[in-house]
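Student: sequence first, then the predicted structure:
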Amino acid sequence: MTDSKYFTTTKKGEIFELKAELNSDKKEKKKEAVKKVIASMTVGKDVSALFPDVVNCMQTDNLELKKLVYLYLMNYAKSQPDMAIMAVNTFVKDCEDPNPLIRALAVRTMGCIRVDKITEYLCEPLRKCLKDEDPYVRKTAAVCVAKLHDINAQLVEDQGFLDTLKDLISDSNPMVVANAVAALSEIAESHPNSNLLDLNPQTINKLLTALNECTEWGQIFILDCLANYTPRDDRESQSICERVTPRLSHANSAVVLSAVKVLMKFMEMLPKDLDYYGTLLKKLAPPLVTLLSAEPELQYVALRNINLIVQRRPEILKHEMKVFFVKYNDPIYVKLEKLDIMIRLASQANIAQVLAELKEYATEVDVDFVRKAVRAIGRCAIKVEQSAERCVSTLLDLIQTKVNYVVQEAIVVIKDIFRKYPNKYESVIATLCENLDSLDEPEARAAMIWIVGEYAERIDNADELLESFLEGFHDESTQVQLQLLTAIVKLFLKKPTETQELVQQVLSLATQDSDNPDLRDRGYIYWRLLSTDPVAAKEVVLAEKPLISEETDLIEPTLLEELICHIGTLASVYHKPPSAFVEGSRGVQHKRLPGSAGSVESPDPGAAATETPPAVIPSQGDLLGDLLNLDLTPTTTTGPPPPTTSGMQMGAMDLLSGGLDSLVGLLHQGPPSLSASPSTTTASLYFLFFPSTLLVTSVWVAQDVCGHVSAQVWLPAMKAKGLEISGVFVRRAGVIQMEMTLTNKAMSVMTDFAIQFNRNSFGLAPAGPLQILTPLSPNQSIEPLNNLQVAVKNNIDVFYFSCQYPISMLFVEDGKMERQVFLATWKDIPNDNESQFQIKDCHLNSDAASNKLQSSNIFTIAKRTVEGQDMLYQSMKLTNGIWVLAELRVQAGNPNYTISLKCRAPEVSQCVFQNYEAVLKN
Amino acid sequence: MLMFPSDSLITSFVYSMSALPPFKPVTSYWFRLSQNGQNELLCFPSPASPPPAAMIHSLFLINASGDIFLEKHWKSVVSRSVCDYFFEAQERASEPENVPPVIPTPHHYLISVLRHRIYFVAVIQSEVPPLFVIEFLHRVVDTFQDYFGVCTEAAIKDNVVVVYELLEEMLDNGFPLATESNILKELIKPPTILRTMVNTITGSTNVGEQLPTGQLSVVPWRRTGVKYTNNEAYFDVVEEIDAIIDKSGSTITAEIQGVIDACVKLTGMPDLTLSFMNPRLLDDVSFHPCVRFKRWEAERILSFIPPDGNFRLLSYHVSSQNLVAIPVYVKHNITFREGSSQGRFDLTLGPKQTMGKAVEAVLVSSQLPRGVLNANLNASQGTYTFDPVTKMLTWDVGKINPQKLPSLKGSMNLQAGASKPDENPTINIQLKIQQMAISGLKVNRLDMYGEKYKPFKGIKYMTKAGKFQVRT
């Protein structure tokens, strides 16, 4: 007889049967019944109806039965709070039981019942258990404080449990210490500024002692807690390191990684010339390597962390390149991570080996992996200058294989190599040109076209090659089109005589036959440039390009420092600061590595925040970005002062005669006058450490109504090169406000913000320029600013998004019509413009509805009652002077309302109806 | 000098704003742009509700066919719909083992391990070390295996109440509580047929009535009051060779993952010391918590009070390549000719650096290119199979006789019209060598203190191939 029988009872009347069994007199039968209940619960069946019957089984001296009932209680108490009270007495009694196991079990279970009424009864038993003579009870009670804090933080503080918990750090039993630390750490997470874990040399000493004796899980808690401590000097730092080092030999990988975190952090304080520093570096390598022989899931997490470690201290693993070589049956997520680390560790000393491996990977089966391997060869070329030639020849070998996706990927990376080492490897262009016909991926085509355009003077038949692409111009993707346009213009500037026809052809294709605004506008710009000032055109189009730097994807130093302090956490897996993503990190303190004694290695925080990031190799599909950093000169802020009314005078600007410059200037940084966020103090505080959430509310006044909606993400960071915009529309004091939160999720600083709205149905326009005080550093966020399409510009690009504002925002306060006027207007509007809608399931009476609507500026002019039906006549006026008239029919007892809307612009009716529905149902 | 193509967009609609816009629903010309890629999901969940800061919130067990057959919640119930994100990731992964271990969802993170064809999916909501969760999940799997002999869906369903009791005992509020098998067994007795019968007759229970003493003692891994009539201690030194050999036969990487597994059944509180002939081999070691680290650091002697029963005393890693002997060599010739539908397959194995020990249980497997239709091969010994669906070639060689080297030769047929395959198949080799640790590690002696009886002691060596791959 096994438990699987519990799964088979699915017939109807099951609950009824169980109920009878639970109330049976026989102990055995009762227990069996509870087991069945638990089994049903386990597989997700709802057995909450049995609550009273199960709770009745609780008063038993049978420990197993008791535990089972407790299991049930924890699951269902929340949904049956009144019933759960029935259990309280038994809990309180059990907390006094002579058997410590039962005492602990009772206090543990009570803490898991998240019902307010129960928590009140929990305090006294908990207080006793925290001082219990038995350490098993004490350690359980310590965790219980954390549970209680989660349910009712104020209660825990009022009852003084936090102090008791702090006392437990000095407990004689290491397990109690570990649990107290765990509980305090958890509580501290929601109280970032509280001094809960007041770490001083004495407590550190206690923790280090407990560290040796507690369980592996306790060790993790203690190590994570130690990582938050900042030693006073390098000697203390060294002594802590010495006592933590043995943890590196622990069988539990989480212990190992937490120990690595502590050591990585405290190492910063050790002088580099100290012997111990070298010893420590040597000790760190073997445990990291060992993590890589574990299960793939562990490997993955370890690899993500090693990725950080090799960026901070490449010397630790510089001789361990081989352990990162890919085995063909590694899961793909492990393969890709290993590849990444291989590139980071690549140096002149090992490049031959690395290249041989990468070439091997390029013949593997998995296409994604092969592509990444080819790309890795390019990255090696850029990173290790001495190897560039070898990398290029490896790439040429791969092109010879004629495997389509390998060839395409190789061409994309060769383009990057050209940009790093101009005038060095152009001899391979001939080989590349042979493969022109096989390229079918936009990125590869675009890269090839870029190469042809850039080196047009060396390719005899460049015009023929580009012309061949031009034939199918309209079928190409945008990036290829843009690239082709630029390449032909480059060609023209280099060989003006033979290619005049070609350039005219491409300009007309781009400007007249294309409906892509980017392409068309770029076409126009070139056209004007070429027709007005060819010299300037040459300067712009053939400008000297900045060299791309080698360490393309290095994590920005401040972020890296923070991540090193978070080794082993989710943040380290995602390479994002903790504040960026995990719920519950509200107000996480930004950790920084401690400065080393006597060295200035650690960069100044302020300087680091504004440091310019290294130029970045344009990522896939980013040739547009390529073009931008190719030619964009920094814009100046010397435009006319920001207009306060509207964008009227901007209209007359000429496209090219400085219009762009002044526009950019004009939309540049405004004075920080309207920033009135309550959180500015915290914001500046963050900015000092690691800028993450700078909050500025900026208000846009449009013409002249209010809904409380939570902010929506309008522009996800993925679509805007790291800039995330979320926001909400509100109407306050007759002013339409668009409140935006701009968050920089990219690695580099953003500046030069500007905003524009596209022409829209109600003529909404920004009342003032976008006011952003400071450059937006990575992961910094700003909170200021019905189909509204918005363009936001920064130093990187212009981004477009559209968002919908509730139409009620446009209802003005003086929207109440005179009765007579109403009647006349109603008659005057043709019946064709009338639309009828049903609002279902609305349970308000007509007066309540009328009041509700009034608050969003929908005014009731008259009310009539005909045959038990209330007819409400209502009017509202939109900001642009459009009147909407409504007749709302409410029948008592019928939850379905009928609404007829009349308006001279019938297009708005649907919107207005939706607004009715939203207001009435809210 | 400014070339900012997209900037011109702003200018162009600034034009249109100069006139007061008439009322008219607008279909704007750059609408298309803003729609690009609209359906993309934002990867990182944004904070919504305050965190119920538990470490591990919930656990779902999912079988190979994608059914959730068990769920356990340590805090409030998380709807099983959260697993949809897991299923999505599962669908995207080409192979079951390619499902990423950490999956973000809007409000939770899913951390999963795949063991015995069951996905153990933990749901977490706050910042928790992922390794902590993965290690814990491994411990859950080990415990199930320990309790039920196997860790299968059937075994878990058969013992669902014990499973539930175990999970409750292993984690409290997300904090690991009792994960040592010894302690758990004191709290919840493993099911046996005998006990089930006895319980049914006497009405006693599976749950221990005693306080788990080990939970608090300085040696939490050992129960008190252990008694045996035959006192014995066995140690198995098992080494696995992970290696990549390139096509020319030279070693690219080679390392040894070694473990010493123990089965100790000794009465009372024995204190053991284990010493090695060549302890310097062990420079990268991970110990069971019972090992006294200081003694190891100072004297290179393993000193410990052992847990009762089976446990892993230490695992080690030998990475310096000159210490790693490669026990076999492979001569191979796998070729496809351009334009022909035939390919040659020729493979010969031979022993190398085995110190005179026999190489046994040799199994060769290779994933042949997709274009291969079938293989007509001839094995000089053992049997081979070729699965035409998965294209997996497996050759069970058995023992290698140095006088008559085993070989597998013949031809492969490509599918009609298939072009010459681009990739070269990798050859995977499994093997065993008894009575030898390939690193040369040797135990010197085992002594026992603290107890008076004389135990029976035994030590066994074994070498296996781990991830042993030969590229062609």
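Tutor: Ah, there it is.
Student: got any ranges where the stretch 101-250 of chain B has weak pLDDT?
Tutor: Applying pLDDT under 70 to the stretch 101-250 of chain B flags residues B:192-218.
Student: all helices for it, in order.
Tutor: For the stretch 101-250 of chain B, the helices defined by DSSP state H, counting those that start in this stretch occupy B:130-148, B:153-158, B:160-170, B:181-187, B:193-202.
Student: in the stretch 301-450 of chain B, which segments are predicted with low confidence?
Tutor: Those would be B:321, if you go by pLDDT under 70 across the stretch 301-450 of chain B.
Student: quick check: residues of it near chain A?
Tutor: Proximity of the stretch 301-450 of chain B to chain A, by Cβ under 8 Å from any Cβ of the partner chain, involves residues B:312, B:314-315, B:317, B:319, B:321, B:367, B:369-370, B:422-424, B:426, B:428. Quick note: C-beta positions are derived from backbone N, CA and C, even for glycine.
Student: for PyMOL, write the selection for the buried entries among these.
Tutor: To isolate the buried ones among these in PyMOL, judged by 16 or more other Cβ atoms under 10 Å in any protein chain shown, type:
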select buried, chain B and resi 312+314+315+317+319+367+369+422+423+424+426+428
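Student: let me have the residues of the stretch 301-450 of chain B next to chain A in JSON lines, extended by secondary structure.
Tutor: Formatted as JSON lines, those follow (DSSP: H, G, I helix; E, B strand; the rest coil):
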{"residue": "B:Arg312", "secondary structure": "strand"}
{"residue": "B:Leu314", "secondary structure": "strand"}
{"residue": "B:Ser315", "secondary structure": "strand"}
{"residue": "B:His317", "secondary structure": "strand"}
{"residue": "B:Ser319", "secondary structure": "coil"}
{"residue": "B:Gln321", "secondary structure": "helix"}
{"residue": "B:Gln367", "secondary structure": "strand"}
{"residue": "B:Pro369", "secondary structure": "coil"}
{"residue": "B:Arg370", "secondary structure": "coil"}
{"residue": "B:Asp422", "secondary structure": "coil"}
{"residue": "B:Glu423", "secondary structure": "coil"}
{"residue": "B:Asn424", "secondary structure": "coil"}
{"residue": "B:Thr426", "secondary structure": "strand"}
{"residue": "B:Asn428", "secondary structure": "strand"}
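Student: burial check on B:Val141, number of neighbours?
Tutor: Look at B:Val141: counted by other Cβ atoms under 10 Å in any protein chain shown, it has 16 neighbours.
Student: from memory it sits against B:Leu114, does it?
Tutor: No. B:Val141 is beyond contact range of B:Leu114, at 10.0 Å (criterion: Cβ atoms under 8 Å).
Student: coming back round to it: need the helices of the stretch 101-250 of chain B in JSON lines (columns: distance to chain A).
Tutor: Output for the helices of the stretch 101-250 of chain B, formatted as JSON lines (distance: least, Cβ to the nearest Cβ, whole Å):
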{"stretch": "helix B:130-148", "distance to chain A": "4"}
{"stretch": "helix B:153-158", "distance to chain A": "4"}
{"stretch": "helix B:160-170", "distance to chain A": "4"}
{"stretch": "helix B:181-187", "distance to chain A": "8"}
{"stretch": "helix B:193-202", "distance to chain A": "7"}
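Student: A:Glu297 against B:Leu110, yeah?
Tutor: No. Using Cβ under 8 Å as the test, A:Glu297 is too far from B:Leu110 to be in contact (12.0 Å).
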